[in-house]
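J.: test case, fold it:
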Amino acid sequence: MFAKDACNAYIACMQYTIRNIPPAVDRALRALAKREGKSMNEVALRALGQALGAEDAPSRRRVLDDLAGTWREDPEFERALTDQHRVDEALWR
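T.: Numbers count the residues shown, from 1 in each chain. Predicted structure coming up:
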């Protein structure tokens, strides 16, 4: 029983050593860790989980609070949007 518990505990906190990380991957992980204020371990685990499609890997989200209330009227944009909403009846016959 004790051996089984010890084995389960070991597997639950498995450690890996990864060698020969490409410089571009290293730079990307370090930049992400710095930008998010997280450890290299945290961002590396998330990146691995997402790349492998692991179900328990949290998805990356961005808070958009800084954009709230910043809309500005733009007549050119409105014209372009109106053009996109126009239906060409000849194409739908």
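
J.: give me the neighbour count for residue 86.
T.: By other Cβ atoms under 10 Å, 7 other residues sit near residue 86. C-betas here are computed from N, CA, C, even on glycine.

J.: next one: phi and psi at it?
T.: Dihedral pair for residue 86: phi -70, psi 130, per degrees, to the nearest 10.

J.: show the pLDDT at it.
T.: What the model reports for residue 86 is a pLDDT of 87.

J.: kindly report the same for the one 4 residues further on.
T.: In this prediction, residue 90 carries a pLDDT score of 87.

J.: can you check residue 93 too?
T.: In this prediction, residue 93 carries a pLDDT score of 75.

J.: which residue ranges of this protein form helices?
T.: Ranges of helices within the chain are 2-12, 23-36, 40-52, 75-85, based on DSSP state H.

J.: switch the ones you listed over to JSON lines; also include distance to residue 68 and mean neighbour count.
T.: Compiled in JSON lines, those are given as follows (distance: least, Cβ to Cβ, whole Å; neighbours: other Cβ atoms under 10 Å):
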{"stretch": "helix 2-12", "distance to residue 68": "41", "mean neighbour count": "8"}
{"stretch": "helix 23-36", "distance to residue 68": "22", "mean neighbour count": "12"}
{"stretch": "helix 40-52", "distance to residue 68": "27", "mean neighbour count": "14"}
{"stretch": "helix 75-85", "distance to residue 68": "19", "mean neighbour count": "9"}
